[in-house]
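Chemist: pasting the sequence and the predicted model now:
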Amino acid sequence: MKREGWFAPYVSGYFWRFLLIIALGALTIFSASSLMYTSGFLISKASIPPENILMIYVPIVGVRTFGTSRAVIHYVERLVGHDTILRVLSKMRIRLYKVLEPQALFLSSRFRTGDILGMLAEDIEYLQNVYLRTVFPSVIALLIYGAAVIALGTFDWAFALLMALYILVLVVVLPLISLFFTQKRQRLVKTERNRLYQKLTDAVLGMEDWMISGRQAQFVETYEADEKTVARTDGALRRWARVRMFIGQAVVGVAVLSMIYWAAGEYESGAIAGTLIAAFALVVFPVADAFLPVSEAVEKLPQYASSLERLDGVERSAADVPRAALFTVTPETAEQAAQAAAAAKAGGQVHIRLDHAGFAYEADGQWSVRNVSIDIPQGRKIAVIGRSGAGKSTLLKLIQGVLAPAAGTVRIGGLDAAAYGEHIPGIIAVLNQSPHLFDTTVANNIRLGDPDAPDDAVKQAAALARLGGLIASLPQGYDTPVREAGQRFSGGERQRIALARILLQNTPVVVLDEPTVGLDPRTERELLSTMFEAMQDKTLIWVTHHLVGAEQMDEVIFMENGAIEMRGTHAELMASQPRYRKLYELDRPQGFNQAAAE
Amino acid sequence: MDKNLLGYKGVKPVFLIVGFLTLVQSLSIILLAKSLAGVVSALFAGEPLKEQGAETLLFLLAFLVRHACAMLMSRVSYSFAEATGSSMRKQMMDKLFQLGPRLAGNRGTGTLVTMVLEGVTKFRTYLELIIPRMVGMGITPWLLLVYVYTLDTASGVILTLTMPIIVVFMILIGVTARKQMDRQLKSYRTLSNHFVDSLRGLETLKFLGRSRSHADSIAKVSDSYRSATMRTLRVAFLSSFAMDFFTMLSVASVAVSLGLRLVNEQMTLVTGLTILILAPEYFLPVRLVGADFHATLDGKEAGEAMKDIIDRNTVEARLLDTGEAAAPAVPAGHNAVFSWSPGSTLELRGIGVQYEAEGIPSLEEVNLAFHGNAKIGIIGESGAGKSTLIDILGGFLHPSSGELALNGKRLSALTAEAWRKQTSYIPQRPYIFSGTLADNVRFYHPEAMEEEVAAVVSASGLSQLVESLPGGLNEPIGSGGRSLSGGQEQRVALARSLLSSRPVMLLDEPTAHLDIETEYELKETMLPLFEGKLVFLATHRLHWMIDMDLIVVMKQGRVAEAGTHHELLARKGAYYELVEAQGEGVR
């Protein structure tokens, strides 16, 4: 599939609006120029004796019209421009969203560094400047350029060419020099500033460490040295901007002089009326106002380039999602899966079965999961434990059908898990370490589990998640906003809201992906109690970093290097595996219990 | 007007230079108008082109001088802004480290970093713009106006009358726009954040099966965002509309009135032309102020926010008996106060911490005593004050009440370089900067030899990792390098602390976020390394407590009880409750 650029499709999509904006922009310049032109003409004409008021009536009207119209046209131009650009942005947002949506579950592993998502959103915001600051002013300048040269050409082609040369300096030569000179430096400044940002963020996060090391002065020193380097480059850019402005103005000055000389010559030879000398001299300044900003507009091009590159990069990476690479969904299997999903959802019964399942992210790479067989009939509760990199998340992705096994099978209700595709959320709900709370009310956040749920169902789900007391204490109850990313609530409270949401989703299977990391022991215990109680009839696949609550499970699976290292019920493992016993004692130290029992 | 402006170092010469340049610029504007008008009217009168050489040259000269002045002004104010901005940033950075990590905790790391980086840029732009704009407003229009009056009173009157109208309209519209923006600020912010919010919650939406249909909601919200923005812009753009409208109208009126008087032969063409050229120049400074208004306002606010932090008081640790600052201004004799040895003692007497005058205290009436080398466990639930106590003990925070006694000397706080040199620190997420593994280990002790580094690396259980890395000890880690797992990060911090061989060790929740196996292995590595040091370990994981010599149980900012494991169990107090609750498990 051919990828479209982030620029061209919107030009053709909004062609007429763009045309209108450019026309209005050109008219703005035209009005301002005409004001000076007619004014110059007016007072020259007025000074020729004998003259009466009627003879200058037309220029007077012209002066008044142009004087008032410029502001009005400019105002309309800006409004239409911003409105159109906001429409374009809306389209771009949807496009970016649709690119990211299929790879949603791989985003966190793929873009680890920094807040790439926020950055992409900013890139889109930034692209509005491509139009408003670069494209429109440049096109308008070119338009005025053409119009001015043609207008002069009707008087004298040779002179029109000379002026065309002057304007060429402003519209083409200076911008190109600018681009050439600033491109590298701008990029340097940008990457350096990003580096400084990273460096400072690191330092603020590690401030205690710096203070303890006693080297904070040293940090400030190296940081300031880096800032100085950036400032030097920045200074060079600014110096050039000043010089460029001066050169531009000098060209304008020379143009004014040439204009006067030419007009005087024409007047002498009788080709034009004397009244036009002043008109021609004065019109140069407002017309030049259209050309002078072009350099600055063009200079910005490299800045957009990095935003465009990033957006393009995301589109490219969409192609190599490892998803069900080995799995092709035929229309039949899709149909079967849809039916099975509907039946499972309605009946609340589903049987998951992994049979010697294995997966490797690269064809000849290490197996992330190998030879895993688990039988999970409806209602079974299993805990999965292992250190980071043991293959737990890959295992979950196999069960959710996001990844298709490279060896063995993963089946849900007899069908390959990967065949379910979009139907999976009807069968499996997921509560992970940091479920996102959207910046809306508590009720809306819960209702995301099932948008058609009546208020009673929302309240019931909240009650099951033991949110009743918390919500009653909120100023607006269910309609209280959760604030950005749920900031209003503590970690445990956020998890409970997310829990209510997946209870409302009401699936036969629930995957819990380390939902209690970062919570203190009491909160952890209470949350787990609530979860287990609310999910009695559901299948539970619980990835955990602690062993509190393992007694409640039908099976505890211990993973290491992608394979199952030990498995059994809690009691079996306690009896037969000293390693398991050792770990369990960390969560519930034996010495304590004995002492407490005494 | 900004009253801080005159307080910045070196601002007065800048004002003088800019003032002088503006004066020259204004005069050259008058000169260029006069000469241009002269040339044009002479030519119009039929004088030969050749005789205009001197006057045209004068025009060109005046024109170039005018723009050269603009260039110089911009240069002078840029270097001033650059210098002031950097010194402000330097002060701010120094202050940040003096105020300690609490500020970052309260304000949010992102906000602080943005404040330093973007705030300084904005502030610089402000300084760069405000001086020429202010001086320009103060000189150019008045000078031109006086000159116009000497030429023609009627035009002078038109120009004089227009100026207040423009200013009043600008202010009126500005106020209206701001009011309207404030009114819909909340919904506006929600709308503008909706897209980022959606992207961040994409995974959750996917799990819920809502990710596809959410695209429609993005379209809908984008649309309401556009309507809301346009409503605001319609008013906001009015301000520049009014400015444009009235200046243009004024220029047009001047032109027409000039024309009428020329018809009646009350004026010469050269005067008329001069005034016509000067009229737009008269309004230019006001228009520039209007155009840069938002940039300057932003920058001014950024500057004030920074100044607010710079002006904060930092309380130095003081020796209470003598009243002098404890360190490091005091010579070596006093630094002995801070050194920790097996015979040392540390006492906390009625220590309290309260961040806000009306708020709930984070610590209250903490009385504790420590002797020599021992392992101290600090346990309690989230929000019980464990971290605040660690901050006091590590010298990151000055208590708001109470005092300490270190080796018998009474102190107001431990916030002294000399004390920090005695301590090492392992937080939940240790600071791993981008650099080699060895550099990260050497953080407290940059001069350490290669062999010493290798020794502590193996003592903290990192040997296996080092062997697996292609670059070994010189493998780059941190952002831009290889990322480490939580357990490995802890081990780097441990190696760092061992290398420094400092006698006091602080640990703040070192293992709570790790999986239980990693936690177990880390504990096995750590425990023997605690010997022969004064160790403070704050955690909510009870299993550490058995190995501690003294357990401090925190509850709601107070010390609920302190003692050994067996003492506390026997007492059946707060500690016993924690143990009991844990024993109940999950029902």
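Modeler: Arrived safely.
Chemist: what strand or helix carries the closest residue to chain B within the stretch 301-450 of chain A?
Modeler: Proximity of the stretch 301-450 of chain A to chain B (C-beta to the nearest C-beta) peaks at A:Pro425, 2.8 Å away. Where you see a C-beta, it was placed from the backbone N, CA and C, and this is true even at glycine. Using DSSP states H and E, A:Pro425 maps to helix A:424-427.
Chemist: swap in A:Ile557?
Modeler: strand A:555-560.
Chemist: direction included, what does that strand pair up with?
Modeler: Take DSSP bridges as the rule and strand A:555-560 pairs in its sheet with strand A:381-385 (parallel), strand A:563-568 (antiparallel).
Chemist: quick check: mean pLDDT across the helix or strand harbouring A:Glu208?
Modeler: For A:Glu208, the element it lies in under DSSP H and E is helix A:207-213. Mean pLDDT, computed over helix A:207-213, is 86.
Chemist: tell me what it is packed against?
Modeler: helix B:53-99, helix B:101-107, strand B:423-426 (3 or more C-beta pairs under 8 Å, 6 or more residues apart in numbering or on different chains; DSSP states H and E).
Chemist: run the last query once more with 6 Å
Modeler: Counting by 3 or more C-beta pairs under 6 Å, 6 or more residues apart in numbering or on different chains; DSSP states H and E, the packing neighbours recorded for helix A:207-213 are strand B:423-426.
Chemist: strands of the stretch 351-500 of chain B, start to end?
Modeler: Secondary structure of the stretch 351-500 of chain B by DSSP state E, counting those that start in this stretch: the strands cover B:363-371, B:375-379, B:401-406, B:409-411, B:423-426, B:435-436, B:476-477.
Chemist: now distance to chain A and mean pLDDT too, for those, in JSON lines please.
Modeler: As requested, the strands of the stretch 351-500 of chain B are exported to JSON lines (distance: least, C-beta to the nearest C-beta, whole Å; pLDDT from 0 to 100):
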{"stretch": "strand B:363-371", "distance to chain A": "17", "mean pLDDT": "92"}
{"stretch": "strand B:375-379", "distance to chain A": "10", "mean pLDDT": "95"}
{"stretch": "strand B:401-406", "distance to chain A": "17", "mean pLDDT": "90"}
{"stretch": "strand B:409-411", "distance to chain A": "17", "mean pLDDT": "88"}
{"stretch": "strand B:423-426", "distance to chain A": "5", "mean pLDDT": "91"}
{"stretch": "strand B:435-436", "distance to chain A": "10", "mean pLDDT": "87"}
{"stretch": "strand B:476-477", "distance to chain A": "12", "mean pLDDT": "87"}
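Chemist: just these: most buried one?
Modeler: Ranked by mean neighbour count, the strands of the stretch 351-500 of chain B are led by strand B:423-426 with a mean of 26 (mean count of other C-beta atoms under 10 Å in any protein chain shown).
Chemist: still on that earlier bit, which one of the strands of the stretch 351-500 of chain B lies nearest to B:Leu96?
Modeler: The closest of the strands of the stretch 351-500 of chain B to B:Leu96 is strand B:423-426. By C-beta to C-beta, the value is 17.5 Å.
Chemist: contacting residues around that closest one?
Modeler: Applying C-beta atoms under 6 Å, 6 or more residues apart in numbering or on different chains, the external contacts of strand B:423-426 come out as A:208, A:212, B:394, B:493, B:497, B:500, B:502, B:504-507, B:510.
Chemist: any idea which of those residues is closest to A:Tyr75?
Modeler: A:Glu208 (54.2 Å).
Chemist: contacting residues around the closest one?
Modeler: Contact analysis of A:Glu208 by C-beta under 6 Å, 6+ apart lists B:101, B:396, B:425.
Chemist: same thing with B:Ala405?
Modeler: Counted by C-beta under 6 Å, 6+ apart, B:Ala405 has contacts B:Glu347.
Chemist: what does B:Arg133 give?
Modeler: Contacts of B:Arg133 by C-beta under 6 Å, 6+ apart are B:288-289.
Chemist: just say helix, strand or coil for it.
Modeler: Using DSSP: H, G, I helix; E, B strand; the rest coil, the structure places B:Arg133 in helix.
Chemist: which helix is the longest one in chain A?
Modeler: For chain A, the longest helix by residue count, based on DSSP state H, is helix A:216-268.
Chemist: who are the packing partners of that helix?
Modeler: Contact analysis of helix A:216-268 by 3+ C-beta pairs under 6 Å, 6+ apart lists helix A:157-168, helix A:174-205, helix A:275-291, helix B:53-99 as its packing neighbours.
Chemist: what is the mean pLDDT for the third one?
Modeler: Same thing as helix A:275-291. The pLDDT scores in helix A:275-291 average 92.
Chemist: for the residue of the stretch 301-450 of chain A closest to chain B, which residues are in contact?
Modeler: Taking C-beta under 6 Å, 6+ apart, we find A:Pro425 in contact with B:208-209.
Chemist: at 7 Å instead, please
Modeler: Contact analysis of A:Pro425 by C-beta atoms under 7 Å, 6 or more residues apart in numbering or on different chains lists B:207-209.
Chemist: turn those into a markdown table, columns for secondary structure and pLDDT.
Modeler: Shown next, in a markdown table, are the contacts of A:Pro425 (DSSP: H, G, I helix; E, B strand; the rest coil; pLDDT from 0 to 100):
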| residue | secondary structure | pLDDT |
| --- | --- | --- |
| B:Phe207 | helix | 90 |
| B:Leu208 | helix | 90 |
| B:Gly209 | coil | 89 |
